[in-house]
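Novice: predicted model, plus sequence, below.
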Amino acid sequence: MRKIRSLQFVLCALATISLLSFQESSAVATKAGGVCTKLGQTSVVSIKKYTCIKSGKKLVWNKGVTVPRPVTKPTPSPTPAQIPAPIPTPTLLRITRVEVQRHNSEADCWSIINGSVYNLTALIIQHPGGNEPIKAACGTDGTVSFLGQHGNQVDQAQELEKL
Ligand code: HEM
């Protein structure tokens, strides 16, 4: 009989321990209304943060607040290097002396003056100094002729701009 009683006691003790440990484990699982052990303790589960509060005599997890997910900033893609706009190169038409020589008539008169080619066709009849000096310059380098008359002029460049 004594043995049975002590066995009953042992069983009872075991049941109590298992019950306690069950309560203990349920305290670990955090959920709203679930038992917690320490007042003010917090626990984050998934996206919710629970706080251990006092409800009556019990300590339970509150309903929890949603924790905002950390915003992952997109890594800025490197901005492509600014490509400088191409600088337009002045288009200079290159004319050979051979080409100038082809325009050697009153009707079609080109001449080289100071390294540039001028069409003097219209000047033949307009030139205040007569048509002869101009006709002589057709198809040739007229620089010497031009400078011979107009080289001492301050505005000789202006003179040529009139052409
Ligand atoms: C290729 C050679 C030459 C060129 C391109 C040339 C061009 C010109 C030009 C653009 C003018 C100004 C016309 C105006 O204002 O409307 C001018 C004026 C004149 N040219 Fe010539 N010329 C040349 C040679 C000569 C020569 C050899 C003489 C002299 C024999 C001469 C005598 C004059 C005179 C007297 C004037 C007016 C006054 C002045 O502007 O100086 N030119 N010429």
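Specialist: In hand now; what should we look at? Numbers count the residues shown, from 1 in each chain.
Novice: residue 73: what secondary structure?
Specialist: coil (DSSP: H, G, I helix; E, B strand; the rest coil).
Novice: count the neighbours of it for me.
Specialist: Using other C-beta atoms under 10 Å, residue 73 has 6 neighbouring residues. For every residue, glycine as well, the C-beta is placed using N, CA and C.
Novice: and residue 146, by the same measure?
Specialist: 21.
Novice: swap in residue 45?
Specialist: 14.
Novice: what's the nearest residue to it once chain neighbours are set aside in contact with, if anything?
Specialist: The spatial neighbour of residue 45 that comes closest, neighbours along the chain excluded (C-beta to C-beta, 6 or more residues apart in numbering), is residue 30 at 5.1 Å. By C-beta atoms under 8 Å, 6 or more residues apart in numbering, the contact set of residue 30 is 36, 43, 45, 50, 61.
Novice: so can I have CSV of those showing pLDDT?
Specialist: Shown next, in CSV, are the contacts of residue 30 (pLDDT from 0 to 100):
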residue, pLDDT
36, 89
43, 90
45, 87
50, 92
61, 91
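Novice: I'd like those residues written out as CSV, with secondary structure and distance to the ligand added.
Specialist: Shown next, in CSV, are these (DSSP: H, G, I helix; E, B strand; the rest coil; distance: C-beta to the nearest ligand atom, whole Å):
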residue, secondary structure, distance to the ligand
36, coil, 106
43, strand, 99
45, strand, 97
50, strand, 99
61, strand, 103
